[in-house]
Each structure stands twice: as structure tokens, then as C-alpha cells.
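K.L.:
For reference, the sequence and a predicted model appear below.
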There are 2 protein chains.
Amino acid sequence: MKLSEPQIATFRDQGYLLLPNVFSSGEIATLNAELEGIFSQDRPENVREKNGRAVRTTFAAHTFNKAYARLGRHPRLIEPVMQLLGGPVYIHQYKINAKAAFDGDVWQWHQDYGTWARDDLMPEPRAMNIAVFLDDVSEFNGPLMFIPGSHKRGKLDAGHDLETTSYPLWTLDNETVTRLVGEGGMAAPKAKAGSVLLFHCNLVHCSAGNMSPWSRTIVYLSLCHVDNHIRQFKRPEWIAHRDFAAIEVLPDDCLVTLARDALTPA
Amino acid sequence: MKLSEPQIATFRDQGYLLLPNVFSSGEIATLNAELEGIFSQDRPENVREKNGRAVRTTFAAHTFNKAYARLGRHPRLIEPVMQLLGGPVYIHQYKINAKAAFDGDVWQWHQDYGTWARDDLMPEPRAMNIAVFLDDVSEFNGPLMFIPGSHKRGKLDAGHDLETTSYPLWTLDNETVTRLVGEGGMAAPKAKAGSVLLFHCNLVHCSAGNMSPWSRTIVYLSLCHVDNHIRQFKRPEWIAHRDFAAIEVLPDDCLVTLARDALTPA
């Protein structure tokens, strides 16, 4: 999968790009079928919401689940990012953000690179997110909210918020957000399950809580150019990975064949 | 201002009705100009958010502010409700819900009549809300979220939530909301400042927090048929009013003349 010139121009200008219907309903079903088993595990990679009930984020599912391991090497995700970052990439962070029906809490205003730079000493913003929607994302279930163009402002001052949610985050102050929204407005890309959303690691974003009965699970691959790997290992390995080897992509049908393998009697 | 037959049919079927651009920008400016003065007062009618900063709700502003007193007798609000409730009405509750930029917290899933019946012993659901948008309401600043048609289910079981926000509310459980959304879906009416939203007192609704830099202030008149006045006076008078006299409407230009009066030198 190659991005077109207009798609690349949109990404450079807006800081994000929505690609509807990249994965089939069968591929998404394969991924969704694993979630209950993943979320029910008692392991540190499962960070729960402040209310203690639902899983908020599962880190590093590619290290312990076969379907998510294949997704982490999927050509439809890796190749567009290699194209944008101009070379081989490794997985800096791998998250399943559940934003569960009723329980899913906010993500405060932040830049991802703000955390990667401060906590992990990632040298440059030569890294980005590519996200797969495992559920339909609507205005009702806490979509990502972006400030278009804000990635052009570079890494902004931030404070370490240890209180608002169960997960520590370097967040922006209201004055900065007000100024940036005044320049770029806000956008909340909505799309069906199977859609893919790319966004720059300096794009300012947040998301509201999910009060709807519809869960809003999104898988995020945070991919970094191999030359730009992190220099500090303060956070656990399953939050900020230390394997900087270039990802070798799998065949395009890797999720389809996984489903077939599972159906084949031994 | 009279509602048309199709408008009435929409209200009966969906439980709500959006009327865009009912008040002019000048009238809205007159109302907005009073807010800072109202919110800055240290009085029990100003209920603050849990974080202690912004005002969440101002009750009974019609009892201590001239502009909001006029709004509470405005023919464009009172007459459509008299038409729907079939007779004279009084003000059961009068709220300015600020949902301040960044600070505005959620309103949990609830029916207003659930609270009016349980706390105030209002005999029948012959009461309803009519709301005036003082700001543009968008997908970004915590719009009301409705379950269309849910008002037809009558008063539903509810629990008294004293924890989630700073204001106690009789709220519905997740199972009930899931079932009702399965039947009716969700809707979040968006419109410019000056628009008016009517909704049935049994319509199930909620709203998410406001993470945007845009405040989302809405004035709610909860109007009740005079025959259907409350029987129990457990809550403060400024939350559940005890003056059951029928509202006598003012002239249609009452907000315009107020602004003019203020400009006239003594």
C-alpha cells in the first residue's frame, strides 16, 4: 500500500490522514475476537481505568498475542509509515486503547512526542502513529480530537499530569490549546471499523470520555525510524520498546491466513 | 411563536425538537454579557464543578438578574411549551448550565422527570425543558446526547448518583441505556447560538465533558403545567420553585428593549 502524492500533502499540511476501510470486516473480526482474552489477563501491560473496572490500555499485545503480532508487521500499516518517515522503522510503542462503553475516560490534550522525548529521550520527531479502528468511531464514543496543523509548532511546553486519569501523561495547558485551536480549529475523524488513521507525533490531540454503549477500541502502532531510537530506558520495556531492529513486513493476507490456520483441524 | 403540526409530530415521536436561530445575535449578546457577573457571585445558586473552579450550574437566575428574568417570560419560549403541554405553565426550574471550556464536566444518563418525580413529587410528566443555546453547540464542546423516542418508555428505574459530579442526580444504569440505544440510537443536536431545543421531561439524555476551548452555555427553562405542580418541598426553593402562578408572557422584543434601556442615560 502506497500513499499518493495528494495524501502525503494532506498529511504534511494537516498532520493526519484518514484512510477508510483498509481492513476487511473479517480481518477486524479476527482482531476483535482476541480482545476479551487479552483484557481478562492479570498482567502489567493491562492498565485499567481510574474506576478500576475496564481496561484503558493494553501495551505490547504484539509480544504475547499472535493476531496482534501479525498486525504489528502488517504491510498496510508499516509501508505507509516507512514512506512518510523515509526509511525502516521499529515499534516504539504498541497500544490497544479500549475506551470501553460507559467507562472509557478522557485522554488529555497532549503531543505523543512530548512524552517520547521527555521520558524516553527520542532524539527527533521522526516517529508517528498509525491507528486501526476496531470499532466504528462516531461522534458519540469519544473520537480522537485533533488540532489540524498543530504538528508544525514543534514540541510544546507540557506539564506531567499524574492525576486526571490512571495513566501519566505530559499535557498542554489551556492557554496553549486555546491559541492553537484559534489557529487550526478542531477535527474529529469518524469512520467505520477497519479504517486507518495516521497522525504526526507532534499533532496536538485529546479525546473525551465514552458515555455511549458502544466501545471504541483503537490499536496504535507508534513507529519510529530505526536511526531515531530512544536513548533512555526509564519506562518499562513494554511501554517503550528497546528492540530497534527494522520491522520486516508480512504478506498482505497475514491476518486472513491466521484466521484460516485457527480453523484448520490439527 | 406557534409550532407547526409537523413540528409537534416530530416532538411527539422523537421526544425533542430543534429550532435554529430563534434569538438574534443581539439578544444572545445581551444574555451573554450578564454571565460573568452572575458566575462571579458567591451565592448558593452557583453550583461549581467538582474541581472547584468553573460554575457548573446557576439556578434561578431569573430571580436575581433582569435579563434572565425577561428570558423566563419570553413568548418564544413560553408559548410553544404552553402549546405542547396544553395550558398555562409555571417555572419549575431555571438553570444556566455553563459547561465551561476545559472544565465542564459530564452530565450522566438521566431523565429530568426522574428527579422531579422522586425529589419533588411532581405528579405527572406534564412538564418539559426548553433550552436556549448561548454559544454555538458543536460536536466538540459537549453537546446534549439524546436517545430518540426514549420518552415513550415512561419513568425508568434510577439510582441516586452522589459521586460522579458535584450535583446529585437520579441516573440510569448501563443495561437500561444499552437497551434504549439499541432501540432508538443516539442523536446530538448541534446548532448556532440563539437556537432553541425543546425536549420531553422523560427523554433519556446525557452530555460528555467539554475539553474544547469553547464554552457551551445553555439556559434551561423547565416548565410545568400549573395543575401539575410539585407536592413536596424537600429541595431548596431556588432548585424546585414553589410559585405556581401561570407565567404571563412579555412582548416579543423584551430582550431588545432591555438592551436599549441599559443604553439610555438616566
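P.N.:
That came through, no problem.
K.L.:
Please list all residues in contact with the residue lying closest to A:Cys206 once chain neighbours are set aside.
P.N.:
In this structure, A:Cys206 finds its nearest non-sequential neighbour in A:Trp109, 4.3 Å apart by C-beta to C-beta, 6 or more residues apart in numbering or on different chains. Where C-beta positions appear, they are placed from N, C-alpha and C, glycine not excepted. Contacts for A:Trp109 (C-beta atoms under 8 Å, 6 or more residues apart in numbering or on different chains) come out as A:Thr171, A:Leu172, A:Val177, A:Val204, A:His205, A:Cys206, B:Met211.
K.L.:
Name the residues of the strand or helix carrying A:Ile78 that are buried.
P.N.:
Element membership of A:Ile78 [criterion: DSSP states H and E] is helix A:75-85. Residues of helix A:75-85 classed as buried: A:Pro75, A:Arg76, A:Leu77, A:Ile78, A:Glu79, A:Pro80, A:Val81, A:Met82, A:Leu84, A:Leu85 (neighbour count, 16 or more other C-beta atoms under 10 Å in any protein chain shown).
K.L.:
Can you name every helix or strand that it contacts?
P.N.:
If contacts are counted by 3 or more C-beta pairs under 8 Å, 6 or more residues apart in numbering or on different chains; DSSP states H and E, helix A:75-85 sits against helix A:5-14, strand A:89-97, strand A:127-133, strand A:196-200, strand A:218-225.
K.L.:
what about stretch A:180-190, how long is it end to end?
P.N.:
One end of stretch A:180-190 sits 22 Å from the other (C-alpha to C-alpha, to the nearest Å).
K.L.:
Quick check: closest non-adjacent residue to A:His225.
P.N.:
A:Arg126 (4.3 Å).
K.L.:
need the contact list for the one you found.
P.N.:
Taking C-beta under 8 Å, 6+ apart as the contact definition, A:Arg126 lies against A:Leu85, A:Cys224, A:His225, A:Asp227, A:Asn228.
K.L.:
now A:Ala246
P.N.:
Here A:Ala246 is in contact with A:Pro88, A:Val89, A:Tyr90, A:Val226 (C-beta under 8 Å, 6+ apart).
K.L.:
ditto for A:Gly209
P.N.:
A:Gly209 neighbours (C-beta under 8 Å, 6+ apart): A:Gly104, A:Asp105, A:Val106, A:Gly142, B:Val106, B:Ala208, B:Gly209.
K.L.:
Mind pulling up the pLDDT for the closest residue to the first one other than its chain neighbours?
P.N.:
Just to be clear, that refers to A:Gly104. The shortest distance from A:Gly104 to any non-neighbouring residue, by C-beta to C-beta, 6+ apart, is to A:Asn210 (3.6 Å). Note on A:Asn210: pLDDT of 97.
K.L.:
Give me the three-state assignment for A:Asn210.
P.N.:
Using DSSP: H, G, I helix; E, B strand; the rest coil, the structure places A:Asn210 in coil.
K.L.:
before we move on, the earlier item: now the buried members of the contacts of A:Arg126.
P.N.:
Buried by 16+ other C-beta under 10 Å: A:Leu85, A:Cys224, A:His225, A:Asn228, out of the contacts of A:Arg126.
K.L.:
Okay, and the beta partners of the residue most central in space within chain A?
P.N.:
The C-alpha lying nearest the average C-alpha coordinate of chain A belongs to A:Tyr220 (C-alpha atoms, centre = their mean; 2.3 Å). For A:Tyr220, the beta-bridge partners under DSSP bridges are A:Lys95, A:Ala131.
K.L.:
correct me, but it touches A:Ala98?
P.N.:
No: here A:Tyr220 does not reach A:Ala98: they are 11.7 Å apart, not a contact under C-beta atoms under 8 Å.
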